[in-house]
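Engineer: Pasting the sequence and the predicted coordinates here, then a few questions.
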Amino acid sequence: MPEGVLGVFAEPAQAAGAVRSLRAAGHEVRAAMPAPYPAVMAALARPSSPLGFYTLAGALLGGAAGLALTVGTSLDWPLIVGGKPIVSMPAFLVVVFEAMVLVGAAVNSLALVGLGVRGRRRRRVPEDPRFSRDRIGVFVPGAAVGAEDILHGGGAEEVRRVAA
Amino acid sequence: MDAGAIQDRVQAALAPPRLGYYVLLLGAAAAAAVGAWSWSLIIRNGMQLTGLNRPVSWGVFITDFVFWVGIAHSGTLISAILFLFRARFRTAVYRTAEAMTVFAVMTAGLFPVIHLGRPWLFYWLFPYPNQRGLWVNFRSPLVWDVFAVSTYLVVSATFLLAGLVPDAAALRDGARGWRHRLYALVAMGWGGTDEEWRHHERAYLFFAGFATPLVISVHSVVSWDFAVSVVPGWHSTLFPPYFVAGAILSGVAMVITLLIPLRRALGLSELITARHLDMLARVVLLTSLIVTFSYALEFALAFRGPPRAERATLLYRAAGDYAPLFWIMVASNCVAPLFFFSERARRSTGTLLAICLLVNVGMWLERFVIVVTSLAHGRVPFDWHLYRPRLVEVGITLGSFGWFFFWLLLFLKLMPAVSIAELKEEAAHA
């Protein structure tokens, strides 16, 4: 379990206020909550997720694979069907699009799992079943001098120091 | 309602089921067994047991395929398209619609395989290296279908799973025994940290971004199975938008048909309210108007210019052997939804259910009318032939409903029928 100070909040607005105050005081702040409350997420001011780069790469890879599959197999077995050219791009674009979506969505899922696991390990928050139910946990890792007062002042229902 | 109360309400819906649930589940399993038995008859005796003939080589199986793909459209519409448009009313209804999508695609995917007649050769549909050096014909819409429907199944199942992860984590923390293990498996270690939510929100947006053009492409591809041919009554550029609107109409009508009994049976009336059903009824009304316009446009295009085969085919639809089915279709898909102009009709669960059931019947008939009348009444009179579905086709159709409802009923007692996390977020806004 990570060491630091944990505050438990019932209201997203109060949690967001406490997060802003803690960040203004120079603390690193983490949170755990049952839903992505926009106020809390905005107060944490985390950079946007890099997941899009992986997804874009996956989509491009899928599109390229779809193109290679349709063109490559048609050239490998060059039979004219219905008077259409061997490489019939308008017809192949359907398969290219589907392959792009398929691989893009698959990479999107893998990136979600991978980044989620990495994030959970790097920015750990003490586990508490209340954080998946109806409470918001605001956690300040390390010595966190003065964090307890800020959390109390922000309306936390409970503030405790967590030992490693 | 606060976050804790929302969770309690959804958890209560997952309580051990009563006798009625088991009766329904057994009924669905029995219907699926009838379908499996009917299919086994075809496997053992051949397609001669069906009513298919020359020239009507596509019948109930293709009708069922298009019908179930259409039903599958509502889930993505409600979860992805309405998500991108930030339509808040989707929150309480999209999970059921998404689950319905996955099970409907699983059902639809069976029919091309059944229709093959020799289902053990289904893998010929996929491009794989083989010693004969043959590849599938990528210029054929039937091969596009394989890619479109498989992609749709994978993407809609992943989309459903991505939304389930935080909810499974919420349920995991209050569950015991095998349910705890099941939810822990689906939750994949979810801790609800800001870091996880940051990536989850982004991924969900991309899923919606992928699913939106995908849903339009899938039913367009299904329509091209017909439109790319030169058969009168099929060969039309109108087909893709016409099919997409029809798919949304049938899918949303099916969602309403399921939600009305479901919210009562699972005690979710406070979460899935009359307002949600009202908004869905408006979608039914809108898509019904688009479908009505498409029906009219199809006739207008056929009657423009000198007489052509299309005109004869469409006249045959409206006044020929299958005319009663055509007019039931028009009454169900074009006339009945007009009642939704009235707020009273949209707010009355009895009226909603009756009209949506009619639309379900009407949309199945629409596909039957399109598939069969065009083939039965082609360009040359000597080749006109009637088609009547036989008992095995009726059995397999019944079995498809059993198969669909069996999975849906299981899902509703294992996983939350509404999105817990999104409802909690909504509650915080209220």
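Structural biologist: Received it, and whenever you're ready, just let me know what you need. Residues are numbered from 1 along each chain as shown, chains lettered A, B, ... in the order given.
Engineer: for whichever residue of the stretch 251-400 of chain B sits closest to chain A, what are its contacts?
Structural biologist: Nearest residue of the stretch 251-400 of chain B to chain A (Cβ to the nearest Cβ) works out as B:Leu271 at 14.7 Å. Every residue, glycine included, has its C-beta placed from N, CA and C. By Cβ atoms under 8 Å, 6 or more residues apart in numbering or on different chains, B:Leu271 lies in contact with B:Met1, B:Ile6, B:Arg9, B:Val10, B:Ala92, B:Arg263, B:Val418, B:Leu423.
Engineer: excluding its backbone neighbours, what's nearest B:Phe159?
Structural biologist: Leaving aside its sequence neighbours, B:Phe159 sits nearest to B:Phe207 (Cβ to Cβ, 6 or more residues apart in numbering or on different chains; 4.8 Å).
Engineer: Can I take it that that neighbour is in a helix?
Structural biologist: Yes - assessed with DSSP: H, G, I helix; E, B strand; the rest coil, B:Phe207 lies in a helix.
Engineer: Could you check how far it is from A:Gly52?
Structural biologist: B:Phe207 is 12 Å from A:Gly52, where distance means Cβ to Cβ, to the nearest Å.
Engineer: what number of residues lie near the closest residue to B:Lys413 other than its chain neighbours?
Structural biologist: Once flanking residues are discounted, B:Lys413 sits nearest to B:Pro17: 5.5 Å by Cβ to Cβ, 6+ apart. Using other Cβ atoms under 10 Å in any protein chain shown, B:Pro17 has 15 neighbouring residues.
Engineer: which residues does the closest residue to chain B within chain A contact?
Structural biologist: Residue nearest to chain B within chain A: A:Gly119 (3.1 Å; Cβ to the nearest Cβ). Contacts of A:Gly119 were listed using Cβ under 8 Å, 6+ apart, and they are B:Thr193, B:Glu195, B:Glu196, B:Arg198, B:His199.
Engineer: Now the element after the strand or helix carrying it, going C-ward?
Structural biologist: Under the criterion of DSSP states H and E, A:Gly119 resides in helix A:89-122. As assigned by DSSP H and E, the chain's next helix or strand after helix A:89-122 is strand A:136-141.
Engineer: name the helices or strands packed onto that following strand?
Structural biologist: strand A:4-9, helix A:12-24, strand A:30-32, helix A:147-153 (3 or more Cβ pairs under 8 Å, 6 or more residues apart in numbering or on different chains; DSSP states H and E).
Engineer: for the longest one, what is the average pLDDT?
Structural biologist: On average, the pLDDT along helix A:12-24 is 93.
Engineer: got it, and the first one?
Structural biologist: Here the mean pLDDT over strand A:4-9 is 92, rounded to a whole number.
Engineer: Run the chain-centre distance for that strand.
Structural biologist: Taking the mean of its C-alpha atoms, strand A:4-9 sits 22 Å from the chain's own mean (Cα atoms, centre = their mean, to the nearest Å).
Engineer: same thing with the longest one?
Structural biologist: What separates the centre of helix A:12-24 from the centre of its chain is 21 Å, taken as Cα atoms, centre = their mean.
Engineer: List the buried residues of it.
Structural biologist: By neighbour count on 16 or more other Cβ atoms under 10 Å in any protein chain shown, the buried set for helix A:12-24 is A:Pro12, A:Gln14, A:Ala15, A:Ala16, A:Gly17, A:Ala18, A:Val19, A:Arg20, A:Ser21, A:Leu22.
Engineer: and chain B, which of the residues you listed contact it?
Structural biologist: Residues of the buried residues of helix A:12-24 in contact with chain B (Cβ under 8 Å from any Cβ of the partner chain): A:Pro12.
Engineer: which one of the buried residues of helix A:12-24 sits closest to B:Ile42?
Structural biologist: Within the buried residues of helix A:12-24, the smallest distance to B:Ile42 is 57.7 Å, found for A:Pro12 (Cβ to Cβ).
Engineer: Leaving out chain neighbours, which residue sits closest to that closest one?
Structural biologist: Closest residue in space to A:Pro12, ignoring its immediate chain neighbours: A:Tyr37 at 3.8 Å, by Cβ to Cβ, 6+ apart.
Engineer: so the one you found touches B:Ala428, yeah?
Structural biologist: Yes - judged on Cβ atoms under 8 Å, A:Tyr37 makes contact with B:Ala428 at a distance of 5.6 Å.
Engineer: between those two, what contacts are shared?
Structural biologist: Common neighbours of A:Tyr37 and B:Ala428 (Cβ under 8 Å, 6+ apart) are A:Pro12.
Engineer: more crowded one of those two?
Structural biologist: More crowded of A:Tyr37 and B:Ala428, by other Cβ under 10 Å: A:Tyr37, with 24 against 20.
Engineer: Distance check, that one against B:Pro337.
Structural biologist: Applying Cβ to Cβ to A:Tyr37 and B:Pro337 gives a distance of 38 Å.
Engineer: Poorly predicted segments of the chain, please.
Structural biologist: Since no chain was named, I'll use chain A. Along chain A, segments meeting pLDDT under 70 span A:1, A:164.
Engineer: could you do chain B instead?
Structural biologist: Looking at chain B by pLDDT under 70, you get B:430.
Engineer: Turn the contacts of B:Leu271 into TSV, including secondary structure, distance to chain A and neighbour count.
Structural biologist: Formatted as TSV, those follow (DSSP: H, G, I helix; E, B strand; the rest coil; distance: Cβ to the nearest Cβ, whole Å; neighbours: other Cβ atoms under 10 Å in any protein chain shown):
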residue	secondary structure	distance to chain A	neighbour count
B:Met1	coil	11	14
B:Ile6	helix	8	26
B:Arg9	helix	12	19
B:Val10	helix	11	23
B:Ala92	coil	14	25
B:Arg263	helix	22	25
B:Val418	coil	13	23
B:Leu423	helix	8	23
